[in-house]
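*Asks:* predicted model and sequence below, questions to follow.
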Amino acid sequence: LFNDVNKILVLFQFRRAYMLKKITLLVLVSLLFLSIVAYTAVKASEVQAAPVPALRIQSPAEPRTITVVGEGEVSLEPDMATINVGAEARAGTVAEAKIEVETIMTAIANALDQAGIAERDIQTSQYVIHYEREPRPTVMPENATLEIQEAYYVSNMVRVTIRDVEKAGDVLDAAVQAGANQVYGVTYTVEDKNGWRSLAQAQAMVNARIRAQELANLAEVGLGEVLSISEIVGGMPVSVLAGDRGMGGGIAPGALEFSTQLQVTFAIR
């Protein structure tokens, strides 16, 4: 029995020593794994903290330029005129006012036809019917009272194109003699507007090149090719009276001056 107990004790001690070795091995493996993880994390943080070199893109150098505004102006003889004539009337009813206006407009149309104006060159520009109601004092001052007066106002205007400027004054006189009691101005122009605009633009381009060359000479640089052109909107025709050249009715067409401007950018060589 004593020998059996000794065997059991020896077996128990051997098993205990084996378990201690196994636990010690597990602890060492765990410590090694944690060390590897910690080392990897440190290296990763060092990589992230390292500065990234900036990517620099060099843009092409801005071209050297000279920008000027060239002006062009042409003087032309007008070959077309427009006038606005018509009639107005006031009456107690719309019908009465319209009849009076239509009677005058019929007479004006006949006069224009006799003056050689084609039907296609007569266009209605304004037609107005207006009701008026306003108080007005009576005629007798000793019995001053206000009387309400009511009336209808009718107006009819036509725009007449005259393709022979020599007849502008005669056409206007004929319309007035026919009964026109509304006359608004005479405007002269040219039928081929694209033609004068092309002439003015050509002069503006020449003027722009001269100005740019002057600036280039001052800067001691060479003048290169044209890089951009843009038109400055404006340049309405202006009528200039031409001496004693009358057209009847105190009308003188004179000359028309058309102008335009171009903004031009040249390269510097």
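*Replies:* Alright, I've got the coordinates. Small disclaimer: the values here were computed from a predicted structure and weren't measured.
*Asks:* what residues sit buried inside stretch 192-201?
*Replies:* Judged by neighbour count (16 or more other C-beta atoms under 10 Å), stretch 192-201 contains these buried residues: 196-197, 199-201. Just so you know, the C-beta spots here come from the backbone N, C-alpha and C atoms, and that holds for glycine as well.
*Asks:* measure the residue positioned nearest the centre of the chain to S259 for me?
*Replies:* Computing the C-alpha centroid of the chain and ranking residues by C-alpha atoms, centre = their mean puts V233 first, at 9.6 Å. V233 sits 12 Å away from S259 when distances are taken as C-beta to C-beta, to the nearest Å.
*Asks:* next one: D113
*Replies:* Distance, D113 to S259, using C-beta to C-beta: 38 Å.
*Asks:* tell me which of those two has more neighbours.
*Replies:* Taking other C-beta atoms under 10 Å, D113 and S259 do not tie; S259 has more neighbours (18 against 13).
*Asks:* quick check: mean pLDDT of the host helix or strand of that one?
*Replies:* Take DSSP states H and E as the rule and S259 turns out to sit in strand 255-268. On average, the pLDDT along strand 255-268 is 90.
*Asks:* next: stretch 176-188.
*Replies:* Throughout stretch 176-188, pLDDT has a mean value of 90.
*Asks:* distance between the ends of it?
*Replies:* End-to-end distance for stretch 176-188, by C-alpha to C-alpha, to the nearest Å: 19 Å.
*Asks:* neighbouring contacts of that stretch?
*Replies:* 78, 80-88, 103-104, 107-108, 110-111, 155, 157, 165, 168, 172, 175, 239, 251, 253-254, 256 (C-beta atoms under 8 Å, 6 or more residues apart in numbering).
*Asks:* inside strands: which ones of those?
*Replies:* Mapping the contacts of stretch 176-188 onto strands (DSSP state E) picks out 80-88, 155, 157, 239, 256.
*Asks:* what is the neighbour count of the residue lying closest to A174 once chain neighbours are set aside?
*Replies:* Of all residues not flanking A174 in the chain, A111 sits nearest, at 4.3 Å (C-beta to C-beta, 6 or more residues apart in numbering). When neighbours are defined as other C-beta under 10 Å, A111 has 20 of them.
*Asks:* tell me if I'm right that A111 and A175 touch.
*Replies:* Yes - using C-beta atoms under 8 Å, A111 is in contact with A175, at 5.9 Å.
*Asks:* which one of the ones in strands among the contacts of stretch 176-188 sits in the busiest neighbourhood?
*Replies:* With neighbours taken as other C-beta under 10 Å, the top of the ones in strands among the contacts of stretch 176-188 is V85, carrying 27 neighbours.
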